[in-house]
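Engineer: no FASTA, just this:
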């Protein structure tokens, strides 16, 4: 076949109409051609299928163009509709494969193959498709031959493959169509095919992923990448596992997010940036609320709404204009009065000072899930979403230099970096550092600590005198915690919460006020 011309493009669009109808009209844009060797690529950034010109020109000598187009489109749509469905499932499958294969390259290859088997088998079982015809005519290495031998067995079609009886027999037992068993199935799939993958890697034939191509994370949209990172952050055991996943997909993630966006939290290996990204995405899962500062009361009463006058009610509240000059129950209207609010002092979300304990009694956030860092990250996210600024006072033994102070800012990366910093020393803070961050707007204060502070009495005294709304979160229970609670229990501007597990984080209401009125 010669160079693809307008007729080929028209043929592709005509075939696409049929494929869309067969798959019940998925929300995918019209396909187009692209340069490159990959057979087909589904770019979820704009939900568009792109088909390789070179592949079509090469394969058209073996497969009619119409069948080739239809099979490639069926394959791509099946990935979109069935497997992996979204990036979260893609990463979940990869995680399970890597647990067995221990290698990033092998796990990515096994994940690609498994997703192909699920997508193609789903498509073949539901409709007439030329996918088997393409595989029968495609070039095959040993791994691909084993997969096609599996297809021969479960599809009951002849793809012209000999051998691999033992591998195909074991692989055919897996319930590919049962999504609830995918994570267990891909582990068994990886274990069975591991010897062939290792041989393929050693011979460098992995550079040829097969006629349908590989599946890159960079093809997903920014929105889906962020969604997947949030969901995976909540599923992994801790920051170390999350950092491993980030490093495995770092290049693809940077391509999908863009360098500027990725620099918010992506870095090589187990860098602090990956840890920052972990807490950033985990915090986004909670979406803590922030209560607005109420307007001040004026102390005077003003007419607010009408109510029918009844015998015995005072005459001075009667509104003669709506009572038609009559003094009769049911007709005469009287004013109901309400306390006024000072004009021009609207409700608002104040800025926030986050005070976080990073002493030796607190866990290292790079090694283990730190409830202190997660709580502080949730507070940071809540205030920034409300267009407020955040300042950070990260303390250990502040008197000996164990402190990090960040002035008010809206830069997430700087704020999260200050929150995630770990000193691991003593536990002493300086109230003058808190005072240095105060401003004329009276910011909220969010404190998170285990309360094992050597100068706790000084902090209690400060909170008893300050006008800020204070949200104090303690990790665990101790004598110091009880002292703190009892000393501040009458303060209406101080709310105290306990966090012993991740599930306690959503119970925190930032800036909660009972009947406390902020004094300006």
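Structural biologist: Done, it's in. Note that the coordinates shown come from a computational prediction; the quantities given were computed from them, not determined experimentally.
Engineer: how about the strands in the chain?
Structural biologist: 29-34, 40-43, 48-52, 297-308, 333-341, 352-357, 390-395, 403-409, 444-449, 470-475, 494-499 (DSSP state E).
Engineer: other residues contacting the first one?
Structural biologist: When contacts are defined by C-beta atoms under 8 Å, 6 or more residues apart in numbering, strand 29-34 is touched by residues 4, 8-9, 12-13, 16, 41, 46-53, 56, 73, 76. Quick note: C-beta positions are derived from backbone N, CA and C, even for glycine.
Engineer: buried residues in stretch 148-159?
Structural biologist: Across stretch 148-159, burial judged by 16 or more other C-beta atoms under 10 Å covers 148, 149, 150, 151, 152, 153, 154, 155, 159.
Engineer: count the neighbours of residue 33 for me.
Structural biologist: Residues near residue 33, counting by other C-beta atoms under 10 Å, number 15.
Engineer: excluding chain neighbours, what is closest to it?
Structural biologist: residue 53 (5.0 Å; C-beta to C-beta, 6 or more residues apart in numbering).
Engineer: so where is the chain shaky, pLDDT-wise?
Structural biologist: Along the chain, segments meeting pLDDT under 70 span 1-6, 36-46, 204-210, 256-272, 294-346, 512-520.
Engineer: domain assignment for it?
Structural biologist: Annotated domains of the chain cover 6-217, 222-284, 297-341, 352-507 [automatic domain parsing].
Engineer: OK, contacts around residue 160?
Structural biologist: Taking C-beta under 8 Å, 6+ apart as the criterion, residue 160 is in contact with residue 136.
Engineer: just the helices in the stretch 351-500 of the chain please.
Structural biologist: Assigned by DSSP state H, counting those that start in this stretch, the stretch 351-500 of the chain shows helices spanning 371-385, 412-420, 431-436, 456-465, 479-488.
Engineer: now the last one, how far from the centre of its chain.
Structural biologist: Same thing as helix 479-488. With C-alpha atoms, centre = their mean, to the nearest Å as the basis, helix 479-488 stands 36 Å off its chain's centre.
Engineer: just the helices of the stretch 351-500 of the chain: most buried one?
Structural biologist: Across the helices of the stretch 351-500 of the chain, the average number of neighbours (mean count of other C-beta atoms under 10 Å) peaks for helix 371-385, which reaches a mean of 25.
Engineer: centre-most residue in the chain?
Structural biologist: Taking C-alpha atoms, centre = their mean, the centroid of the chain lies closest to residue 230, which sits 1.8 Å from it.
Engineer: and the nearest residue to it once chain neighbours are set aside, how far is that from residue 202?
Structural biologist: Distance criterion C-beta to C-beta, 6+ apart; nearest residue to residue 230, sequence neighbours excluded, is residue 281 at 4.6 Å. Using C-beta to C-beta, to the nearest Å, residue 281 is found at 36 Å from residue 202.
Engineer: now swap in residue 110 and tell me
Structural biologist: 16 Å.
Engineer: now swap in residue 365 and tell me
Structural biologist: 39 Å.
Engineer: so between those two, which is more surrounded?
Structural biologist: Shown here are residue 365 and residue 202; by other C-beta under 10 Å, residue 365 has more neighbours (27 against 9).
Engineer: pretty sure that one contacts residue 274?
Structural biologist: No - counting by C-beta atoms under 8 Å, residue 365 does not reach residue 274; the two are 11.5 Å apart.
Engineer: what sits in contact with each of the two?
Structural biologist: residue 239.
Engineer: residue 483 and residue 452 touch, don't they?
Structural biologist: No - taking contacts as C-beta under 8 Å, residue 483 lies outside contact range of residue 452: 11.0 Å.
Engineer: and the helices in the stretch 151-300 of the chain?
Structural biologist: Under DSSP H, counting those that start in this stretch, the stretch 151-300 of the chain gives helices at 165-171, 182-202, 222-235, 239-248, 250-257, 259-262, 272-284.
Engineer: report the buried residues of the first one.
Structural biologist: Of the residues in helix 165-171, those scored as buried under the neighbour-count criterion (16+ other C-beta under 10 Å) are 167, 168, 171.
Engineer: not counting that helix itself, show me its contacts.
Structural biologist: 117, 146, 149, 150, 152, 153, 189, 192, 193, 196.
Engineer: list the buried residues for stretch 11-18?
Structural biologist: Buried residues in stretch 11-18, counted by 16+ other C-beta under 10 Å: 12, 15, 16.
Engineer: residues contacting the nearest residue to the first one once chain neighbours are set aside?
Structural biologist: If I follow you right, that is residue 12. Closest residue to residue 12 apart from its sequence neighbours, by C-beta to C-beta, 6+ apart: residue 69 at 5.3 Å. For residue 69, the contacting residues are 11, 12, 15, 16, 51, 56, by C-beta under 8 Å, 6+ apart.
Engineer: cool, and residue 73?
Structural biologist: Shown in contact with residue 73 (C-beta under 8 Å, 6+ apart): 15, 16, 19, 31, 40, 49, 51.
Engineer: in a markdown table: the residues you listed, plus distance to residue 384.
Structural biologist: Listed next are the contacts of residue 73 as a markdown table, based on distance: C-beta to C-beta, whole Å:
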| residue | distance to residue 384 |
| --- | --- |
| 15 | 48 |
| 16 | 43 |
| 19 | 44 |
| 31 | 40 |
| 40 | 41 |
| 49 | 38 |
| 51 | 42 |
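Engineer: look up how far residue 159 lies from the residue nearest to residue 12.
Structural biologist: For residue 69, the distance to residue 159 - C-beta to C-beta - is 20 Å.
Engineer: can you check residue 370 too?
Structural biologist: As judged by C-beta to C-beta, residue 370 and residue 159 stand 53 Å apart.
Engineer: close enough to count as contact, the residue nearest to residue 33 and residue 35?
Structural biologist: Yes - using C-beta under 8 Å, residue 53 is in contact with residue 35, at 6.4 Å.
Engineer: who has more neighbours, those two?
Structural biologist: residue 53 (16 against 9).
Engineer: and the longest helix for this protein?
Structural biologist: Counting residues, the longest helix in the chain under DSSP state H turns out to be helix 104-126.
Engineer: wait, residue 145 touches residue 163, no?
Structural biologist: Yes - contact criterion C-beta under 8 Å: residue 145 and residue 163 qualify, at 7.0 Å.
Engineer: for the closest residue to residue 408 other than its chain neighbours, give me phi and psi.
Structural biologist: Nearest residue to residue 408, sequence neighbours excluded (C-beta to C-beta, 6+ apart): residue 389, at 4.1 Å. Main-chain torsions, residue 389, degrees, to the nearest 10: phi -100, psi 160.
Engineer: show me what contacts residue 389?
Structural biologist: 351, 352, 383, 408, 409, 410.
Engineer: got a winner among these for most neighbours?
Structural biologist: Among the contacts of residue 389, residue 352 has the most neighbours (other C-beta under 10 Å), with 28 neighbours.
Engineer: ok, it touching residue 442?
Structural biologist: No - contact criterion C-beta under 8 Å: residue 352 and residue 442 do not qualify, at 11.1 Å.
Engineer: what distance do you get for residue 351 to residue 125?
Structural biologist: Residue 351 sits 58 Å away from residue 125, taking C-beta to C-beta as the criterion.
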